[in-house]
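Undergrad: sharing a model prediction with you, sequence too.
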Amino acid sequence: MRTSLERFTRGGPQRRKALLGICTAAILASCSADSPTTPTAAFGVDARAKPTLAITPPEQLPLPSGCPNFFPVGVNERGTVVGFSDFCPGPGRQQAFRLYATGIYDSLPKPYGQAVHPISVGRHDEVYAQVQNPDPNGAWLVAVIDANNRISWLRFPADGRTYSTLGPPNDRGTFLIDGSVTYGTREYFLWNGLGKFEPLPPPPSGQRFDASGLNDREVVVGTIHAGDQAFAATWSRGEGYVVLPQPSSFVYGSWGAMIDARGRVYGQVLVPLADSTCPYWSPGVQTAVPAVWNGRDTVQLLATDLPRCRTNVWWRATADAGLAVGTLIGDAPDLPLAPSFAFVATVDGRVATAPCPVGHSCQAAGIDRRGGMVGHMLDADRNGQPLVWRVDAKR
């Protein structure tokens, strides 16, 4: 397995001179070929004209009968939405549904009488979900509920670890999962519940890798931690761990969140908060900015108009067409609930926040192949009202 430094310095001394690397604080005194080296990449405003990224005002989707809310979790290529409702009639009061493009809801079964927590919906309308094990000492179970509501089970290994899924499966049916024993170190695995169980190797000594996503080629994205620094990174069987470039030397760190089928990584970087009128501002205060790595040596920070103050970035889904959606969580200490803004980003650096009814917060859940972004708005009672926006990235 090549180290991250070896990956970035293939080609000999001339290649090494072309890169700016920094050694992490934990191993500054012994920077070597085994140390995590992070090349930096210049960024700025692209003066070339780009097509407008247009998002229509939202259209409210119907609610399930008798339920006051519906929280979409994901959408497949054909526009079938999966999500859940709280405070519905019947036992348990929480109910998971499919919502078809026709506006018809389909209730998902409750195996063992337990609520279904949807993870994603597949291309054939099958739903992947976690179900609480009826055994109080048992871990979560993973169910596959087909379009006819027949249930099959994907079994976690019975080896003393507690496991959970980290996002939806890829097109091969492989999940990224984590597992640990009580008070033990978290480990990561590629797993499909049908015999595949592949542990990720540990990163180089003195580092920690937190995995967060997986693509169809089974490349894992996450974050390398070394000392007090963090770097977006990937892992693959062929290249091992690869640290992605920082956009410049003044950022405080970067985190990888999602990776699409073409290897484009979506994440965030921490930068200084420049607006001194923001709540809680003081010298050194940081804010998160969404970022996209479109290749090993190219990273772009995605400028946003809202919110202008301290922000968290929650990436939700990516499409092969180069679109990704997520939610920006704002900082409003005088409000009982932090404002949130659904947004769309493209791999060429465009980003736009979705229109949201005045006085409300909106969150994104997924996007279909036609550019339909689904999500929800929180009403005055904090009930999720399902919405769909139409995204046009070609204007």
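TA: Structure received.

Undergrad: past the lowest-mean-pLDDT helix or strand in the chain, which element shows up next along the chain?
TA: Least confident helix or strand of the chain, by mean pLDDT, DSSP states H and E, is helix 13-17 with a mean of 27. Using DSSP states H and E, the helix or strand that follows helix 13-17 in sequence is strand 54-55.

Undergrad: could you give the mean pLDDT of that next one?
TA: Mean pLDDT, computed over strand 54-55, is 94.

Undergrad: neighbouring strands for it, and are they parallel or not?
TA: Strand pairing for strand 54-55, using DSSP bridges, gives strand 384-392 (antiparallel).

Undergrad: other residues contacting the strand it pairs with?
TA: If you take Cβ atoms under 8 Å, 6 or more residues apart in numbering as the criterion, strand 384-392 is touched by 53-63, 69-72, 81, 83, 99, 323, 342, 344, 354-355, 362, 367, 371-379. For the C-beta atoms, the positions are set from N, CA and C on the backbone; glycine is no exception.

Undergrad: next, the buried residues of the helix or strand harbouring D210.
TA: Secondary structure from DSSP H and E places D210 in strand 207-214. For strand 207-214, the neighbour count (16 or more other Cβ atoms under 10 Å) marks Q207, F209, D210, A211, S212, G213, L214 as buried.

Undergrad: looking at the residues you listed, which is nearest V285?
TA: Relative to V285, the closest of the buried residues of strand 207-214 is D210; by Cβ to Cβ it sits at 23.6 Å.

Undergrad: how far away is that closest one from G222?
TA: 5 Å (Cβ to Cβ, to the nearest Å).

Undergrad: for H117, same thing?
TA: 23 Å.

Undergrad: who has more neighbours out of those two?
TA: G222 (28 against 15; other Cβ atoms under 10 Å).

Undergrad: where does the closest residue to the more buried one other than its chain neighbours land on pLDDT?
TA: Computed as Cβ to Cβ, 6 or more residues apart in numbering, the closest residue to G222 that is not its neighbour in sequence is A211, at 4.0 Å. You'll see A211 listed with a pLDDT of 98.

Undergrad: I figured A211 was touching P199, is that so?
TA: No. Counting by Cβ atoms under 8 Å, P199 is not a contact partner of A211; they are 11.3 Å apart.

Undergrad: name the residues contacting each of the two.
TA: By Cβ under 8 Å, 6+ apart, A211 and P199 have these common neighbours: Y188.

Undergrad: helices and strands around the strand holding D210, which ones?
TA: Packing partners of strand 207-214 (3 or more Cβ pairs under 8 Å, 6 or more residues apart in numbering; DSSP states H and E): strand 175-180, strand 187-191, strand 220-226, strand 229-236, strand 253-259.

Undergrad: what sits up against that strand?
TA: 24, 26, 36, 166-167, 170, 174-176, 178, 186, 188, 190, 200, 202-203, 220-226, 233, 235, 241, 255-259.

Undergrad: write the PyMOL selection for whichever of those are buried.
TA: Selecting only the buried entries of the contacts of strand 207-214 in PyMOL, with 16+ other Cβ under 10 Å as the criterion:
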select buried, resi 24+26+36+166+167+170+174+175+176+178+188+190+200+203+220+221+222+223+224+225+226+233+235+241+255+256+257+258+259
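
Undergrad: burial count for L273?
TA: Neighbour tally, L273, other Cβ under 10 Å: 21.

Undergrad: dump the residue contacts of it.
TA: W281, V285, Q286, T287, C309, R310.

Undergrad: JSON lines for the residues you listed, including secondary structure and pLDDT?
TA: Formatted as JSON lines, the contacts of L273 follow (DSSP: H, G, I helix; E, B strand; the rest coil; pLDDT from 0 to 100):
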{"residue": "W281", "secondary structure": "coil", "pLDDT": "83"}
{"residue": "V285", "secondary structure": "coil", "pLDDT": "85"}
{"residue": "Q286", "secondary structure": "strand", "pLDDT": "86"}
{"residue": "T287", "secondary structure": "strand", "pLDDT": "87"}
{"residue": "C309", "secondary structure": "coil", "pLDDT": "78"}
{"residue": "R310", "secondary structure": "coil", "pLDDT": "73"}
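
Undergrad: count of neighbours near the nearest residue to F71 once chain neighbours are set aside?
TA: Distances taken as Cβ to Cβ, 6+ apart put G384 closest to F71, at 4.2 Å, once the chain neighbours are dropped. For G384, the tally of surrounding residues (other Cβ under 10 Å) stands at 22.

Undergrad: I'd like the distance between G384 and H117.
TA: In this view, G384 and H117 are 15 Å apart by Cβ to Cβ.

Undergrad: okay, the angle between the helix or strand where G326 lies and strand 253-259?
TA: Using DSSP H and E, the element containing G326 is strand 323-329. Counting by axes from the mean of the first three to the mean of the last three Cα atoms, to 10 degrees, strand 323-329 lies at 130 degrees to strand 253-259.

Undergrad: strand 323-329 pairs with which strands?
TA: Partners of strand 323-329, by DSSP bridges, with direction: strand 312-319 (antiparallel), strand 340-346 (antiparallel).

Undergrad: next, the angle from the first one to strand 207-214.
TA: This points to strand 312-319. If you take the same axes, to 10 degrees, strand 312-319 sits at 50 degrees to strand 207-214.

Undergrad: any regions of the stretch 101-250 of the chain where pLDDT drops low?
TA: 136-138, 249-250 (pLDDT under 70).

Undergrad: just the strands in it please.
TA: Using DSSP state E, counting those that start in this stretch, the strands of the stretch 101-250 of the chain run over residues 105-107, 116-121, 127-131, 141-145, 151-154, 162-165, 175-180, 187-191, 197-199, 207-214, 220-226, 229-236, 240-243.

Undergrad: right, I'll leave it there.
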